[in-house]
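Peer 1: Coordinates for the following, if possible.
(2 chains)
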Amino acid sequence: ETGVTQSPTHLIKTRGQQVTLRCSSQSGHNTVSWYQQALGQGPQFIFQYYREEENGRGNFPPRFSGLQFPNYSSELNVNALELDDSALYLCASRGAGGRNEQFFGPGTRLTVL
Amino acid sequence: AQSVTQLDSHVSVSEGTPVLLRCNYSSSYSPSLFWYVQHPNKGLQLLLKYTSAATLVKGINGFEAEFKKSETSFHLTKPSAHMSDAAEYFCVVSGLNAGKSTFGDGTTLTVKP
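Peer 2: Numbering: from 1, shown residues only, chains lettered A, B, ... in the order given. The predicted model follows:
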């Protein structure tokens, strides 16, 4: 069984640029969530995708957007990067059933200069 | 609405002594509760979960937690700390959809030899 994978591991961008982060969910999981973890804080929910549709969103502006593909992999896109977007971005997948636990990937460390 | 408060940002114990990490939650729904551990430069690992079954939940590596509805608490305990337990611990609450989870700010556990 393959776990959740994310790419790239690290990324450096400059303010105003756009970035795409990728996630492959665990085998058999059809729901993917994205979280932002700033340094020294707990992860904050960005949004969730289920069967290629956004299915819930946290308190993040529209320049944070996502996609889920038929194979349940996912992308997180961030436009017009700001310095405060520097964080660890975590992807989590889970199977059907609302109360199933999430399995997290190792994260992508984004630095915005 | 849901929220979670981890009452201690740092906990320090000696190896072989008990561990107590405190968590209070708030939820408009019957909550699901989780504890995750995050070791440096590693992803989040699930320790245990409560999803409306037994109130005393046993997890991996000797950890357990008790759901107390009257106190809205879900404290994490371990009878005897090991050096490898040193890490960041997160208490997490969700409602009907575990993909839209709210994390606490984390508790850093230090284990002294």
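Peer 1: Which single residue of chain A ends up nearest chain B?
Peer 2: When scored by Cβ to the nearest Cβ, chain A has A:Gly42 as its residue closest to chain B, at 3.5 Å. The C-beta positions use only the backbone N, C-alpha and C, and glycine is treated the same way.
Peer 1: Pull the contacting residues for that residue.
Peer 2: Under the criterion of Cβ atoms under 8 Å, 6 or more residues apart in numbering or on different chains, the neighbours of A:Gly42 are B:Phe90, B:Phe103, B:Gly104, B:Asp105, B:Gly106.
Peer 1: one more time with 10 Å
Peer 2: In this structure, A:Gly42 makes contact with A:35, B:4, B:6, B:36, B:38, B:88, B:90-92, B:101-106, judged by Cβ atoms under 10 Å, 6 or more residues apart in numbering or on different chains.
Peer 1: ok, how many other residues are close to the closest residue to A:Asn100 other than its chain neighbours?
Peer 2: Once flanking residues are discounted, A:Asn100 sits nearest to A:Arg94: 4.7 Å by Cβ to Cβ, 6 or more residues apart in numbering or on different chains. When counting by other Cβ atoms under 10 Å in any protein chain shown, one arrives at 25 neighbours for A:Arg94.
Peer 1: Surely the residue of chain A closest to chain B is within a helix?
Peer 2: No: read with DSSP: H, G, I helix; E, B strand; the rest coil, A:Gly42 is coil and lies in no helix.
Peer 1: Quick check, the residue nearest to A:Asn100 in contact with B:Phe34.
Peer 2: No: taking Cβ atoms under 10 Å as the definition, A:Arg94 is not a contact partner of B:Phe34, at 11.3 Å.
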